[in-house]
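Student: here are the coordinates; sequence isn't available:
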């Protein structure tokens, strides 16, 4: 089954590349979320079912609530020196999304669903209508004629589940649910995945949540809410892998909020920011103005301005300017 606007002329060359080669390195972005890990590990397990030698690299850190995924202990946090000829980069709109130092090498296949993708691969499959990269990997598995194992199904379902906010976001539609149901048929456990992702929150993550929710700033009559996490907050709880899943989306869920913004201080005193919207405001455009990208309702950026307060103020002022250009009245 090929879902949505995914065109066979984009999928088929990547499928043929996989059939024609025996060894692959799959690459995902830094600060991997459920979709990055689910799609990367799901593809790794699927290619191994074909007898392919396959490894998966992401710079990490691996979030605590996603360490249940099968194969997570095999993830390479450093890019190996002995790279194969074929690289598959997933869920990345550009090479910098992996890391500042990363440069794609060999024959590169890019599989992504962000409209900000710059088409950096030799083969590029960019489907903006796909809810998650994991949905694209599901389509690729179907195209390759692979019968999913329980490991593949568990990983891909997790990617689809998390990037749709537990099937609550506007990207949830029939093709996504059909793909998720197929994963359940092959062994994905929805209750276990939901419990691991949202029901097994570490105490340290709750502390970070309290920091954010205790410092909410409402503007434009409550239509904008923003907050921040400082690097010292992360150090106090043991590191960035304790970052709560979907916190900026939880901020957007507050009644009356149209746009939510969560700004994180990095170790270098830069700012990493997540933007969410209910769809009326295109936060991908806002993210692009500060060097980022993503989707209309969910985007992000890394702003390399120091000190952190200057970067944070630049971000929030950019949001304000964008809202006022659309007619929003400031308090």
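Tutor: Yes, it's here. Note that the structure is a prediction, hence the values are computed from the model and not measured.
Student: can you pull out the strands in the stretch 101-250 of the chain?
Tutor: Per DSSP state E, counting those that start in this stretch, the stretch 101-250 of the chain carries strands over the ranges 107-112, 123-126, 217-219, 224-229.
Student: now those strands in a markdown table, with distance to residue 60?
Tutor: Quick note: C-beta positions are derived from backbone N, CA and C, even for glycine. Below are the strands of the stretch 101-250 of the chain laid out as a markdown table (distance: least, CB to CB, whole Å):
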| stretch | distance to residue 60 |
| --- | --- |
| strand 107-112 | 20 |
| strand 123-126 | 25 |
| strand 217-219 | 30 |
| strand 224-229 | 18 |
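Student: how about those strands, which one is nearest residue 270?
Tutor: Of all those, it is strand 224-229 that lies closest to residue 270, at 12.8 Å by CB to CB.
Student: what does that closest one contact?
Tutor: 208, 211-213, 215-219, 243, 251-252, 254, 257-265, 312, 316, 319-320, 323, 328 (CB atoms under 8 Å, 6 or more residues apart in numbering).
Student: Please apply the same query to stretch 204-214.
Tutor: For stretch 204-214, contacts defined as CB under 8 Å, 6+ apart pick out 64-65, 227-229, 233-234, 236-238, 242-245, 247, 251, 262.
Student: again with stretch 140-149
Tutor: 1-2, 11-12, 14-15, 18-19, 42-43, 45-46, 49-50, 111, 152, 156, 182-183, 186-187.
Student: 10 Å - rerun?
Tutor: 1-3, 6, 8, 11-12, 14-16, 18-19, 39, 42-43, 45-50, 70, 88, 109, 111, 125, 138, 152-156, 179, 182-183, 185-188 (CB atoms under 10 Å, 6 or more residues apart in numbering).
Student: Tell me the buried residues within the residues you listed.
Tutor: Taking 16 or more other CB atoms under 10 Å as the criterion, what is buried in those is 3, 6, 11, 14-15, 18, 39, 42-43, 45-49, 70, 88, 109, 111, 125, 138, 152-156, 179, 182-183, 186, 188.
Student: pull the helix or strand with minimum mean pLDDT from the protein.
Tutor: Least confident helix or strand of the chain, by mean pLDDT, DSSP states H and E, is strand 293-294 with a mean of 88.
Student: doesn't residue 290 make contact with residue 284?
Tutor: No - contact criterion CB atoms under 10 Å: residue 284 and residue 290 do not qualify, at 11.5 Å.
Student: one step back: okay, the strands of the stretch 101-250 of the chain in JSON lines with distance to residue 25 and mean pLDDT next?
Tutor: As requested, the strands of the stretch 101-250 of the chain are exported to JSON lines (distance: least, CB to CB, whole Å; pLDDT from 0 to 100):
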{"stretch": "strand 107-112", "distance to residue 25": "10", "mean pLDDT": "97"}
{"stretch": "strand 123-126", "distance to residue 25": "15", "mean pLDDT": "96"}
{"stretch": "strand 217-219", "distance to residue 25": "42", "mean pLDDT": "98"}
{"stretch": "strand 224-229", "distance to residue 25": "32", "mean pLDDT": "98"}
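Student: Of those strands, which is nearest residue 294?
Tutor: Per CB to CB, nearest to residue 294 of these: strand 107-112, 10.8 Å.
Student: Can you name every helix or strand that the closest one contacts?
Tutor: helix 8-20, strand 23-27, helix 34-49, strand 86-90, strand 123-126, helix 133-144 (3 or more CB pairs under 10 Å, 6 or more residues apart in numbering; DSSP states H and E).
Student: ok, 8 Å please
Tutor: helix 8-20, strand 86-90, strand 123-126, helix 133-144 (3 or more CB pairs under 8 Å, 6 or more residues apart in numbering; DSSP states H and E).
Student: Much appreciated, bye for now.
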